[in-house]
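1. Build the 3D model from these lines:
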Amino acid sequence: MTTLDINGKPLQVDVDPSTPLLWALRDSLGMTGTKFGCGMAACGACTVHVNGQATRSCVTPVSAAQGARVTTIEGVNGDKVGRAVLDAWIKHDVAQCGYCQNGQVMSAVGLLRSKKHPSDADIDQAMAGNICRCGTYQRIRAAIKDAARALA
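-> Next up, the predicted model:
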């Protein structure tokens, strides 16, 4: 049994320590907001925060998350940055199919926690590992800029 700090709560999972965090979240804890996309950390759908850093949960073993603070999409609205990003996502109608959006939001929150006024280059760099098959990149950029203004 492994205890993980997920969204500020200690939760126990009974998985092999080498199990990807993604599957512990989804299968053991029923937290299905974090999505499986590629399994190779290339698409960003599985992004969560580990100690505040955007992390691909599909390649992060549970053992690496033990003793760390893990935040998922289910817990991202618990602070002003997460709330601002979610509000901007809705305002700019970012999601189309929506499958990638949880990972996109997690990456955007990570960016705005580290850079209060990101440039286009900052946004491009932070979001580069997140793929949107629907091509909502312009709306994503607009939502990030809007969230940054709201937080200023």
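
2. Please look at M1 and D14 and confirm they touch.
-> Yes - M1 lies in contact with D14 (C-beta atoms under 8 Å); the separation is 5.3 Å. To be clear about C-beta, it is placed using only N, CA and C from the backbone, and glycine gets the same treatment.

3. between those two, who's got more neighbours?
-> Higher neighbour count among M1 and D14: D14, with 9 against 6, using other C-beta atoms under 10 Å.

4. list the contacts for the residue nearest the centre of the chain?
-> Centroid-nearest residue in the chain: M106, 2.5 Å away (criterion: C-alpha atoms, centre = their mean). By C-beta atoms under 8 Å, 6 or more residues apart in numbering, the residues touching M106 are T47, V48, H49, A54, T71, T72, I73, V76.

5. Could you check the pLDDT of the closest residue to Q96 other than its chain neighbours?
-> Spatially, and ignoring its direct neighbours in sequence, Q96 is nearest to C134 (3.8 Å; C-beta to C-beta, 6 or more residues apart in numbering). The score at C134 is 92. That number is its pLDDT.

6. From V94, how far off is C134?
-> 10 Å (C-beta to C-beta, to the nearest Å).

7. Looking at the two, which is more packed in?
-> Using other C-beta under 10 Å as the criterion, C134 and V94 rank with V94 on top: 25 against 14.
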